[in-house]
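> sequence isn't available, so here's the structure alone:
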């Protein structure tokens, strides 16, 4: 038991306690939420990078197709606008040649677009003239570092009574020798970006991030992106999975889309509830494992306890068998020595001593046969010799062989044996042994009122054999256990009385092998009555018992 506790119970308890404490610390410190938030920050950073790269590529495409400042005219800018549907306005400025500004003509009939064009043209004209030198210097530094000479600003384009976000890219155009640098600008189309560019980029970013972070696919597959202007929670664009609610993590876009924020959240849940669900699931799993482990330990403990109890029973069995064997052997030796010394005065005494030695030998033989029968039964090799038998004669002869023991114990003996019983097909030796086992139990466990009654009669198609005593009795709760091998009733008198614990187990096996049943009626302090019922139609009953 100590080994079981040290080797199994202690490590298992330590593991369960450590796991529970660890889960509590995770729950307390919100580590799951923090871990997913870090992943979401990474998703937003990657998404920002992809969107900026795409926007710079679009601007670079327009920049390389811009006409030289000396050739720029409304018609050439209109052609460039038609090639690139994402461009709404183009702007060109050179201090020597002035300003060229052109908007998409197919939309100039729209009042909002026309107002947007007027406002943007005035703003760019004033801004370029004031900041020209600083902007050129900035572009030259960017060019010297190998960066594309372009940067982004944003505009609030009028749309009814509201203002829509518009991204504006300013860049440096290639120049001819001796010519002052020319600045160009492209303003992205508000509706194109809102309805096509941003939704496509959000879907692409989600797919790309899922591919790049397969280990977090379960969390990311339920994530959704949304793009909105700073200070305005209304989405400009959102992925199909976005179902409203507050974002979990946000990132301000600075490169290609200043003034916008990219947000991410889980579809249908929150990080807090997801973390709680994970901790709750982990606790449930830990509880299940703990229950399984506790069940295994309990079963192991019960098996060890049973093995220990069986070991004790076997030890008691050996001790009790030794005592049971010693008693008849001592009597046989005593009477044999008396006979050998020739101290007896009459032939009747000699005959009496010979009879006692014979009966004790028979008792010893019965005890040994009990043990041998038990061994054969345990090995599944027990066989019975069924023959037509006169039960009246069998019971009388068996009791007569044991009468000396009954008288020696001072018992009042009552015998009621019917004479008109039909013959029954039984194993004579097995039935006799069953009767002797029951009589022997009555002698052992009747210390005060010494009474023994044996009754043989016919009832309801059966031959019944009763053995009655006025002994200590058997509690009702233990009556179904007394027919188990090695089992002995938990009574001090029982444990102080030597016995093998096999008698009733053998009786039940023998009776069932004959197709019969054994029952007991008893109460503590009121004695016991054991009833063996053997069917008179023994041929079919024996066949059923053999097949069973």
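Structure received. Quick caveat, the model's predicted, so the values are computed rather than measured. Residues are numbered from 1 along each chain as shown.

> quick one: neighbours of residue 479, just the number.
17 (other CB atoms under 10 Å). C-beta: built from backbone N, CA, C; applies to glycine.

> that one: what's it in contact with?
Neighbouring residues of residue 479 by CB atoms under 8 Å, 6 or more residues apart in numbering: 520, 522.

> roughly how far does it sit from residue 519?
For residue 479, the distance to residue 519 under the criterion CB to CB, to the nearest Å works out to 9 Å.

> before we move on, what about residue 325?
31 Å.

> now residue 13
47 Å.

> quick check on these two: which one has the bigger neighbour count.
A count of neighbours by other CB under 10 Å puts residue 13 above the other of residue 13 and residue 519, at 15 against 12.

> hang on, that one in a strand?
No - going by DSSP: H, G, I helix; E, B strand; the rest coil, the assignment for residue 13 is helix, not a strand.

> all the helices of the stretch 151-300 of the chain, residue numbers only.
190-192, 198-212, 217-220, 271-341 (DSSP state H, counting those that start in this stretch).

> out of those, nearest to residue 60?
Judged by CB to CB, the one of the helices of the stretch 151-300 of the chain that comes nearest to residue 60 is helix 198-212, at 16.9 Å.

> mean confidence score for that closest one?
Helix 198-212 shows a mean pLDDT of 76.

> same question, stretch 436-447
What stretch 436-447 shows for mean pLDDT is 86.

> ok now that stretch, how far from the chain's centre?
Computed by CA atoms, centre = their mean, to the nearest Å, the chain-centroid distance of stretch 436-447 equals 53 Å.

> pull out the buried positions in it.
Neighbour counts over stretch 436-447 (16 or more other CB atoms under 10 Å) mark 436, 437, 438, 439, 440, 441, 442, 443, 444, 445, 446 as buried.

> show me the contacts for the first one.
Neighbouring residues of residue 436 by CB under 8 Å, 6+ apart: 366, 398, 402.

> so can I have TSV of those residues showing secondary structure?
Listed next are these as TSV, based on three-state DSSP:
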residue	secondary structure
366	helix
398	helix
402	helix
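
> in JSON lines, list the residues you listed along with neighbour count.
Listed next are the contacts of residue 436 as JSON lines, based on neighbours: other CB atoms under 10 Å:
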{"residue": "366", "neighbour count": "19"}
{"residue": "398", "neighbour count": "21"}
{"residue": "402", "neighbour count": "21"}
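
> can you redo those as JSON lines with distance to residue 467 and pLDDT?
Formatted as JSON lines, these follow (distance: CB to CB, whole Å; pLDDT from 0 to 100):
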{"residue": "366", "distance to residue 467": "15", "pLDDT": "72"}
{"residue": "398", "distance to residue 467": "11", "pLDDT": "89"}
{"residue": "402", "distance to residue 467": "12", "pLDDT": "81"}
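
> need the contact partners of stretch 241-259.
Counting by CB under 8 Å, 6+ apart, 36-37, 40-41, 44-45, 48, 51-52, 54-56, 152-154, 165, 167, 169, 206, 222-226, 229-230, 235, 260-268, 270-271 sit against stretch 241-259.

> let's see 6 Å
The contact list for stretch 241-259 (CB atoms under 6 Å, 6 or more residues apart in numbering) reads 37, 40-41, 44, 48, 52, 55, 152, 154, 167, 224, 226, 230, 260-265, 267, 271.

> weed out the non-buried ones from these.
Among the contacts of stretch 241-259, those scoring as buried are 40, 44, 48, 52, 55, 152, 154, 167, 224, 226, 260-265, 271 (criterion: 16+ other CB under 10 Å).

> next, residue 484: secondary structure please.
coil.

> quick check: it vs residue 238, distance?
74 Å.

> who has more neighbours, the two?
More crowded of residue 484 and residue 238, by other CB under 10 Å: residue 238, with 18 against 12.

> quick one, grab the pLDDT at the more buried one.
pLDDT at residue 238 comes out at 89.

> again with residue 380
69.

> with residue 62 instead?
At residue 62, the pLDDT value in this model is 92.

> please apply the same query to residue 507.
At residue 507, pLDDT is 88.

> could the contacts of residue 436 be laid out in a markdown table, adding distance to residue 144?
Listed next are the contacts of residue 436 as a markdown table, based on distance: CB to CB, whole Å:
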| residue | distance to residue 144 |
| --- | --- |
| 366 | 117 |
| 398 | 123 |
| 402 | 124 |
